[in-house]
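Participant: Fold the stuff below for me.
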Amino acid sequence: MLPDLTPWRESRDFRLLWLAGAITNFGSFLTFVALPVQLKDLTGSAAAVGAIGAVELAPLIVFGLYGGALADAVDRKTLILASEAAQGLLVTGLLVNTLLPHPVVWPLYAAAALSSALTGLQRPALDAIVPRIVPREQLAAAAALNSLRWQVGAIAGPSLAGLVIAWAGLGWAYGADAVTFAVSLLLGLGLRRSPAAHDARPPSLRGIAEGARYAWGRKELLGTYVIDMAAMFFAYPAAIFPFLADDLHARWSLGLMYAAGSVGSLLVSLISGWSSRVHRHGLMVVLAAAGWGAAMAAAGWTGRIWLVLVLLAAAGGCDMISGIGRSTMWNQTIPDALRGRLAGIEVLSYSVGPQLGQVRSGGVAALSSARTSVWTGGLACVASVGLLAAWLPALIGYDDRRHTGPVPAPAGPADRDPVQPDPAQPDAVQPDPVQPRPAQPDAADPAPARTAP
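Facilitator: Predicted structure coming up:
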């Protein structure tokens with residue numbers, strides 16, 4: 001039942017990436033709480049807070065798809081570090097705005113939109129680099145360890161953010177986040193290069209379309225994308241937690257609300273050894289997504305704050321199980337030459353849902369109440385997951401014992417130059433022919449797209 005630490009022990013790159021991701025995630029969660037709190041203080045509007053998701057949506061779609069194509073065409077390490085540095089500059093800008101005598105609202109939305117664009121550029125490279133530094137048989141363990149690292153920051157960050165904001169002010173939260181980006185960047189410099197394939201083509205609309213055709217042809221992959229989007233759209237109420245805390249007369253619980261889901265995820269991660277022995281990952285995704293929605297519906301229905309926190313933790317545990325299943329399916333079956341572009345599509349499924357979910361939850365809360373927004377969204381999530389699972393039976397039927405390696409892109413009239421997996425570069429990075437260096441740890445995390453702005 002204990003987590004499988006093999007990837008940590010055997011891959012120096014994985015250890016570096018893990019440590020850098022843990023540090024940057026912690027800081028990002030500070031900003032994740034500080035930004036909506038500051039908007040609430042400046043505007044007093046639930047709709048204005050929910051609009052964060054609206055301004056993040058278009059940049060995430062455009063740069064997520066482009067970032068996927070870019071990750072297949074350039075050195076993935078360079079792309080990761082450049083976007084990490086830019087994120088640090090954005091948080092510094094938020095700090096400067098907060099220190100003004102009269103902070104302005106529009107820089108908060110501008111920073112959210114630019115950060116969303118940078119997440120779209122960085123996340124595909126982060127996802128695509130993992131199968132290069134971890135052998136195929138260790139991918140499920142790596143997914144669990146990455147999630148464990150992420151959840152530690154997701155618990156500590158929001159919990160500390162509530163205290164920091166209450167006792168020291170918003171500026172300290174933004175300042176601490178800027179420092180974590182700097183430390184993460186220094187760790188990332190130790191990563192081994194991860195160059196594109198020798199025959200990689202420059203990013204283009206044709207290349208993006210090629211990745212989309214591949215995803216559409218893999219119905220089990222398509223199922224993981226659409227089910228996660230639906231679950232997050234209907235049942236991701238993080239934007240209205242400040243208002244939910246007010247409705248329950250428990251303002252002190254705000255930081256705990258943001259952290260509760262991560263507590264549940266952490267508990268699942270700590271007993272994640274079982275995940276390496278699961279073969280029906282599609283069924284795992286469906287059941288976990290339905291459990292997420294059911295827990296959210298119950299959290300919105302009850303008026304007892306401690307029960308709300310327990311149910312939010314249960315929802316987080318279900319989301320963790322779904323995430324392990326999705327990540328394992330993607331990494332086991334997608335060819336290396338397409339991993340960046342498919343990771344770009346994954347960014348959309350993983351992040352667009354929550355961004356739209358913030359808009360939905362904020363809008364429904366403005367028309368009714370925060371509790372109504374939460375429980376109606378949870379019920380809609382359960383119903384949509386059931387309908388999508390019935391529409392895509394290949395997802396439930398997925399069994400990794402029938403998939404022993406990457407699935408080539410199907411040939412067709414639209415695929416004049418279909419991308420095939422590079423036999424010379426399976427799941428591990430090839431030595432750099434110019435400057436061979438010993439393997440190094442791994443430096444970043446699947447950025448908290450579901451959490452950090």
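Participant: wait, residue 144 sits on residue 5?
Facilitator: No: using C-beta atoms under 8 Å, residue 144 is not in contact with residue 5; the gap is 10.0 Å. C-betas here are computed from N, CA, C, even on glycine.
Participant: Compare those two and say which one has the larger neighbour count.
Facilitator: residue 144 (28 against 12; other C-beta atoms under 10 Å).
Participant: now the more buried one: how far from residue 83?
Facilitator: Separation of residue 144 from residue 83 (C-beta to C-beta, to the nearest Å): 25 Å.
Participant: what about residue 168, how many neighbours?
Facilitator: Neighbours of residue 168 (other C-beta under 10 Å): 12.
Participant: tell me the phi and psi of it?
Facilitator: phi -120, psi -30 (degrees, to the nearest 10).
Participant: Same check on the one 5 residues further on?
Facilitator: The phi and psi torsions at residue 173 (degrees, to the nearest 10) take the values phi -70, psi -50.
Participant: Quick one: neighbours of it, just the number.
Facilitator: 30.
Participant: and it, what does it touch?
Facilitator: For residue 173, the contacting residues are 30, 31, 33, 34, 161, 164, 165, by C-beta atoms under 8 Å, 6 or more residues apart in numbering.
Participant: Those in helices, which ones?
Facilitator: Applying DSSP state H to the contacts of residue 173, the entries found in helices are 30, 31, 33, 34, 161, 164, 165.
Participant: Can you tell me which of the residues you listed is closest to residue 387?
Facilitator: residue 33 (33.8 Å; C-beta to C-beta).
Participant: Isn't the closest one up against residue 158?
Facilitator: Yes: between residue 33 and residue 158 there is a contact under C-beta under 8 Å: 5.1 Å.
Participant: neighbour count winner among the two?
Facilitator: Neighbour totals were compared for residue 33 and residue 158, and residue 33 leads with 28 against 25 (other C-beta under 10 Å).
Participant: Model confidence score at that one, please.
Facilitator: On pLDDT, residue 33 comes in at 87.
Participant: Same check on residue 425?
Facilitator: 38.
Participant: ditto for the one 5 residues further on
Facilitator: Looking at residue 430, its pLDDT reads 35.
Participant: mind listing the helices in the stretch 301-450 of the chain by residue range?
Facilitator: Taking DSSP state H, counting those that start in this stretch as the test, the helices found in the stretch 301-450 of the chain are 305-333, 336-347, 353-367, 370-391, 393-396.
Participant: Show me what the third one is packed against.
Facilitator: Taking 3 or more C-beta pairs under 8 Å, 6 or more residues apart in numbering; DSSP states H and E as the contact definition, the neighbouring helices and strands of helix 353-367 are helix 46-71, helix 219-235, helix 370-391.
Participant: how about those in JSON lines, adding mean neighbour count?
Facilitator: Converted to JSON lines, the helices and strands packed on helix 353-367 look like this (neighbours: other C-beta atoms under 10 Å):
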{"stretch": "helix 46-71", "mean neighbour count": "23"}
{"stretch": "helix 219-235", "mean neighbour count": "24"}
{"stretch": "helix 370-391", "mean neighbour count": "20"}
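Participant: Identify whichever of those helices lies nearest to residue 363.
Facilitator: Among those, if distance is taken as C-beta to C-beta, the winner is helix 46-71, at 6.2 Å.
Participant: quick one: the closest one to helix 353-367, angle?
Facilitator: Between helix 46-71 and helix 353-367, the angle comes out at 170 degrees (axes from the mean of the first three to the mean of the last three C-alpha atoms, to 10 degrees).
Participant: Now helix 46-71: average pLDDT?
Facilitator: Helix 46-71 comes out at a mean pLDDT of 84.
Participant: just stretch 327-347 next, same as before
Facilitator: Average pLDDT, stretch 327-347: 78.
Participant: one step back: determine the residues that are contacts of both of residue 33 and residue 158.
Facilitator: With C-beta under 8 Å, 6+ apart as the test, residue 33 and residue 158 both reach 255, 258.
Participant: helices and strands of the protein: which one has the lowest mean pLDDT?
Facilitator: Across the helices and strands of the chain, mean pLDDT, DSSP states H and E gives its lowest value to helix 336-347, namely a mean of 77.
Participant: where does this protein have low pLDDT?
Facilitator: 1, 198-200, 349-350, 403-453 (pLDDT under 70).
Participant: Kindly compare burial across the helices of the stretch 301-450 of the chain and name the winner.
Facilitator: Among these, helix 336-347 has the highest mean neighbour count (mean count of other C-beta atoms under 10 Å), at a mean of 27.
Participant: which other helices and strands contact that one?
Facilitator: helix 46-71, helix 106-133, helix 205-217, helix 219-235, helix 305-333.
Participant: one more time with 7 Å
Facilitator: Packing partners of helix 336-347 (3 or more C-beta pairs under 7 Å, 6 or more residues apart in numbering; DSSP states H and E): helix 46-71, helix 106-133, helix 205-217.
Participant: now those helices as a markdown table including distance to residue 178?
Facilitator: Shown next, in a markdown table, are the helices and strands packed on helix 336-347 (distance: least, C-beta to C-beta, whole Å):
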| stretch | distance to residue 178 |
| --- | --- |
| helix 46-71 | 20 |
| helix 106-133 | 12 |
| helix 205-217 | 33 |
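Participant: which one of those lies closest to residue 240?
Facilitator: Residue 240 sits nearest to helix 46-71 of all the helices and strands packed on helix 336-347, at 5.9 Å, using C-beta to C-beta.
Participant: The helix or strand harbouring residue 288 packs against which elements?
Facilitator: Under the criterion of DSSP states H and E, residue 288 resides in helix 281-301. Helix 281-301 is packed against helix 219-235, helix 305-333, helix 370-391, helix 393-396, with contacts defined by 3+ C-beta pairs under 7 Å, 6+ apart.
Participant: Just the C-alpha atoms of it, please, in PDB.
Facilitator: Output of helix 281-301 as PDB, limited to C-alpha atoms (Å, rounded to 0.1, in the frame of the first residue of the first chain):
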ATOM      1  CA  HIS A 281      -7.500   2.500 -15.700                       C
ATOM      2  CA  GLY A 282     -10.400   3.800 -17.700                       C
ATOM      3  CA  LEU A 283     -12.900   2.300 -15.200                       C
ATOM      4  CA  MET A 284     -10.800   3.800 -12.500                       C
ATOM      5  CA  VAL A 285     -11.200   7.300 -14.000                       C
ATOM      6  CA  VAL A 286     -15.000   7.000 -14.500                       C
ATOM      7  CA  LEU A 287     -15.800   5.800 -10.900                       C
ATOM      8  CA  ALA A 288     -13.400   8.400  -9.300                       C
ATOM      9  CA  ALA A 289     -15.000  11.300 -11.400                       C
ATOM     10  CA  ALA A 290     -18.500  10.200 -10.300                       C
ATOM     11  CA  GLY A 291     -17.300  10.000  -6.700                       C
ATOM     12  CA  TRP A 292     -15.900  13.600  -7.000                       C
ATOM     13  CA  GLY A 293     -19.300  14.900  -8.000                       C
ATOM     14  CA  ALA A 294     -21.200  13.000  -5.400                       C
ATOM     15  CA  ALA A 295     -18.900  14.300  -2.600                       C
ATOM     16  CA  MET A 296     -19.300  17.900  -3.900                       C
ATOM     17  CA  ALA A 297     -23.100  17.600  -4.000                       C
ATOM     18  CA  ALA A 298     -23.100  16.400  -0.400                       C
ATOM     19  CA  ALA A 299     -20.700  19.200   0.700                       C
ATOM     20  CA  GLY A 300     -23.100  21.800  -0.800                       C
ATOM     21  CA  TRP A 301     -26.200  20.300   0.800                       C
END
